[in-house]
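Enquirer: I would like to see how this sequence folds:
(2 chains)
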There are 2 protein chains.
Amino acid sequence: MSTSDHPNADVRMRGFVEKVSVEAVRGWLHGELEKLDSVSGEEVSLQESAKRVLAVDVVSEVNVPEFERAMMDGYAVRAIDIKSASLRSPVLLEVVGESFPGQAFQGIVTAGKTVRAMTGSKLPPGTDAVLPVEQTCTGGGEQVLAQQSITPGRNVGSVGEDIRAGEVVLRAGRVLRPQDVGVLSSIGMKHVSVVRRPRVRIVVTGDELLPAGSKPQAARIVDANGPMLAALVERDGGEPVFPGIVPDDPEAILAALKDDADVILVSGGTSVGQEDHVPTLLAEHGELAIHGVAMRPASPVGMGLLDGRLVFLLPGNPVACLCGYDFFAGVAIRSRGCRATDWPYRTVQITLSAEIKSPTGRLDYIRMLLEQGQAKPVPKSGASVLSSTTRADGFVVIPADSEGYQAGTEVELFLYD
Amino acid sequence: MSTSDHPNADVRMRGFVEKVSVEAVRGWLHGELEKLDSVSGEEVSLQESAKRVLAVDVVSEVNVPEFERAMMDGYAVRAIDIKSASLRSPVLLEVVGESFPGQAFQGIVTAGKTVRAMTGSKLPPGTDAVLPVEQTCTGGGEQVLAQQSITPGRNVGSVGEDIRAGEVVLRAGRVLRPQDVGVLSSIGMKHVSVVRRPRVRIVVTGDELLPAGSKPQAARIVDANGPMLAALVERDGGEPVFPGIVPDDPEAILAALKDDADVILVSGGTSVGQEDHVPTLLAEHGELAIHGVAMRPASPVGMGLLDGRLVFLLPGNPVACLCGYDFFAGVAIRSRGCRATDWPYRTVQITLSAEIKSPTGRLDYIRMLLEQGQAKPVPKSGASVLSSTTRADGFVVIPADSEGYQAGTEVELFLYD
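Expert: Coordinates of the predicted model:
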């Protein structure tokens, strides 16, 4: 997609002749994502595996538990021995030992004998049920009175009750939950094979920018996009690589674009340097597939490919940068990391307390305030006003074919929190 | 709350005489949480601040931007100079320089003069508007023709347009979003004062347990609760402290209970050691306020205080451990870390495809499967079957006063993902 040559091209100011619809851009993006090879897997310790994406199916090599176990505190018995037991006519058993969790009874229980068994302990060989302590009475010395009969297998957890050897415990692609980590531990895993977090190189350029941690001074502002993008990449399961601001110089930018990464994010576009260098560099050394999208903010977004990696050109205006990231780059990063591509925002249906106008032909991303159970656009919300996204509770997306919504309309609000 | 002395107390098997309702336990817990001092704050780097909880209001010391800036690529003009400009009768202006982002024009612009200005650049002194490049035409040499008039202030971003010096940018208690990190960067912050993550000591005891990373063997099982609890604590913004399994010995357990932490989680209860030592130790050295809750699983849950820290006794059965954690301990950890105490689970309204029975007087926590848009209980779901919580998509809570739900009932499903 070309940019126009304006009569004033000597000062290199250009407009976008043709802006591509958000749907078309998404179509291109999903097509490219399907063509790309998966990122490789890596081994992490069990302790680091929560929230990671499983790279392979996990098959248990063991039964959990590996032994029959008592599920109650009581007496491990041979059910046949106490078939006739009742409160009125209890059966006397000789207590020949104890079985504790981790300290099994050594020996075989024969007719007329029993073993005290604690919950979680191994069922002694020869026994087939656990009579709860409440259904017994001490018989004096090492004896106990069974006051009730029991069916074989009662209060006994079977071998493999939780997990059977050979069973697929968790499938590839699973985002590991806390209890999954517990299950992986219970089958004896020390390391877990997970999808490598996509490396995302953040390339921030702009001579007006001071690095994060500086105080703003004179005609320069402090970079907001680098730290924001790093946090977004982390949120989406990527590994941000952001060694600092890149000088507004084609060679430095090209080197950064060719850095070892799975996805490249370039923030810039407000300055002549970025409007020029990056799209040109990408077109010369790779493919500039999209430049200019029919949306607001973020219309200067571009994207393409370099050495088989997706490159996203995000505007320097921070609201546009956030919007462009969420519409396109975030989707790509989650997809590269084998995560769900849908937005990580909760939604609520809510009534508008004020009208929103939006020209047709352009998608609008409107920051919204919640107020008394209704929503209205944030005042003071230009693309350069990042605080509009911190004052906002969320945003509404107005599709390109809509002229906006009247007050009172129910809309879907995406919540930032 | 006392436990009964059973005739067979010689084997130290006890039941709970009185189980407390979940509501009463929550009431006790919230009361205790209100009495506790907040955990202290700490300084973290801007880059580490995402998802942390702001400890103090952040007031900006600066305006963002600190200067009037061009919001379009064009010409910085004195609006008065081109009051009469039109396409038919353009006004010729002398171009005396350029203003780039970060490289401001040095000098004052006087009558009849203009400066090329890029988006984001500082507005040159003397000018008051930016005429977009599209409304101009080169006038030959260092001259430009203004083809339209403009109102003062047009396409100019004012000082403090984004943030004004003295303004509260973000309030204490805010969980920092990616764009918040961007805003904090833009006002020149290098470090952010956040609530310290509550230290949560995880005390796992049980002679039947092998440490995570072991292969299960003989009558011993591998600890699932330690790694699961660590992941839950991380999820809830705490800092898990889990140096390994604690021997089933009162002195070792007491030392662990007295470890430096904000919250203590004890996992155990299936073995005689835990059923005995921990509640007794807590009662002797602190306060055992609750022991036995009218719920399933997790009825053996206990809680109390030791040296001003909340102590949670969680059952050794892993499903009960997860349930007890989520109902009580997780609430406490989020509260200590100044986070919202509600469950971090999304909910959906869904129809039951099978009946769920539940006795009155007891709250039930039922693991559920989603199937064809309906939900049904997970089969094979004993308290010791942790895999029931990985096979499940979520859970349903049946209140103590309910006898359960018939198939076809619409219920609230808490999703594990």
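
Enquirer: contacts and neighbour counts: CA atoms only from here.
Expert: OK.

Enquirer: Those residues of the stretch 301-417 of chain A touching chain B, which are they?
Expert: When proximity is defined by C-alpha under 8 Å from any C-alpha of the partner chain, the stretch 301-417 of chain A lies next to chain B at A:322, A:384-390, A:416-417.

Enquirer: Could you find the closest non-adjacent residue to residue A:298?
Expert: residue A:320 (4.2 Å; C-alpha to C-alpha, 6 or more residues apart in numbering or on different chains).

Enquirer: Hmm, residue A:293 and the one you found touching each other?
Expert: No. Counting by C-alpha atoms under 8 Å, residue A:320 does not reach residue A:293; the two are 11.5 Å apart.

Enquirer: where do the contact lists of the two overlap?
Expert: Residues touching both residue A:320 and residue A:293 by C-alpha atoms under 8 Å, 6 or more residues apart in numbering or on different chains: residue A:299.

Enquirer: any low-confidence regions in chain A?
Expert: A:1-17, A:269-276 (pLDDT under 70).

Enquirer: Run through the helices of it in chain order.
Expert: For chain A, helices defined by DSSP state H occupy the ranges A:22-35, A:178-186, A:225-235, A:250-257, A:272-285, A:318-324, A:330-336, A:387-391.

Enquirer: Can you tell me which of those is nearest to residue A:157?
Expert: Taking C-alpha to C-alpha, helix A:178-186 is the member of those nearest to residue A:157, at 15.7 Å.

Enquirer: Contacts for that closest one, please.
Expert: So helix A:178-186 is contacted by A:46-47, A:49-50, A:64, A:170, B:212-213, B:216, B:221-232, B:322, B:386-387, B:389-390 (C-alpha under 8 Å, 6+ apart).

Enquirer: which of the residues of the stretch 301-417 of chain A next to chain B count as buried?
Expert: Among those, those classed as buried by 16 or more other C-alpha atoms under 10 Å in any protein chain shown are A:322, A:384-390, A:416.

Enquirer: domain ranges for chain A?
Expert: A:9-40+A:196-336, A:41-64+A:161-195, A:69-157, A:347-415 (automatic domain parsing).

Enquirer: quick revisit: of the buried ones among the residues of the stretch 301-417 of chain A next to chain B, which is the nearest to chain B?
Expert: Nearest to chain B among those: residue A:385, at 4.6 Å, using C-alpha to the nearest C-alpha.

Enquirer: what about the closest residue to that closest one other than its chain neighbours, neighbour count?
Expert: The shortest distance from residue A:385 to any non-neighbouring residue, by C-alpha to C-alpha, 6+ apart, is to residue B:162 (4.6 Å). Neighbour count for residue B:162, taken as other C-alpha atoms under 10 Å in any protein chain shown: 22.

Enquirer: my guess is residue B:162 contacts residue A:386, does it?
Expert: Yes. Contact criterion C-alpha under 8 Å: residue B:162 and residue A:386 qualify, at 6.6 Å.

Enquirer: Tell me where the stretch 251-400 of chain A has strands.
Expert: Listed in chain order, the strands of the stretch 251-400 of chain A (DSSP state E, counting those that start in this stretch) span A:263-267, A:287-291, A:295-296, A:302-306, A:309-314, A:347-352, A:356-357, A:363-371, A:374-377, A:394-398.

Enquirer: quick one: residue A:103 from chain B, how far?
Expert: Counting by C-alpha to the nearest C-alpha, to the nearest Å, the gap from residue A:103 to chain B is 7 Å.

Enquirer: again, but for residue A:46
Expert: Computed as C-alpha to the nearest C-alpha, the residue A:46 to chain B distance reads 8 Å.

Enquirer: count of neighbours near that residue?
Expert: Neighbourhood size, residue A:46 [other C-alpha under 10 Å]: 20.

Enquirer: now do residue A:372
Expert: By the measure other C-alpha under 10 Å, the count of residues near residue A:372 is 7.

Enquirer: re earlier: including distance to residue B:375, could the strands of the stretch 251-400 of chain A go into CSV?
Expert: Below are the strands of the stretch 251-400 of chain A laid out as CSV (distance: least, C-alpha to C-alpha, whole Å):
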stretch, distance to residue B:375
strand A:263-267, 39
strand A:287-291, 44
strand A:295-296, 40
strand A:302-306, 42
strand A:309-314, 40
strand A:347-352, 22
strand A:356-357, 39
strand A:363-371, 33
strand A:374-377, 32
strand A:394-398, 31
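
Enquirer: Nearest to residue B:189, out of these?
Expert: Smallest distance to residue B:189 across the strands of the stretch 251-400 of chain A (C-alpha to C-alpha): 20.2 Å, for strand A:263-267.

Enquirer: now the closest one, how far from the chain's geometric center?
Expert: The chain centroid and the centroid of strand A:263-267 are separated by 21 Å under C-alpha atoms, centre = their mean, to the nearest Å.

Enquirer: can you check stretch A:347-358 too?
Expert: 29 Å.

Enquirer: Now do it: everything it contacts.
Expert: With contacts defined as C-alpha under 8 Å, 6+ apart, stretch A:347-358 is touched by A:364, A:373-377, A:398, A:402-415.

Enquirer: list the buried ones in it?
Expert: By neighbour count with 16+ other C-alpha under 10 Å, stretch A:347-358 contains the buried residues A:347, A:350-353, A:356, A:358.

Enquirer: give the contact list for the residue of the stretch 151-300 of chain A found nearest chain B.
Expert: Per C-alpha to the nearest C-alpha, residue A:208 is where the stretch 151-300 of chain A lies closest to chain B, at 3.4 Å. Contact partners of residue A:208, counting by C-alpha under 8 Å, 6+ apart, are A:219-221, B:100-103, B:120-121.
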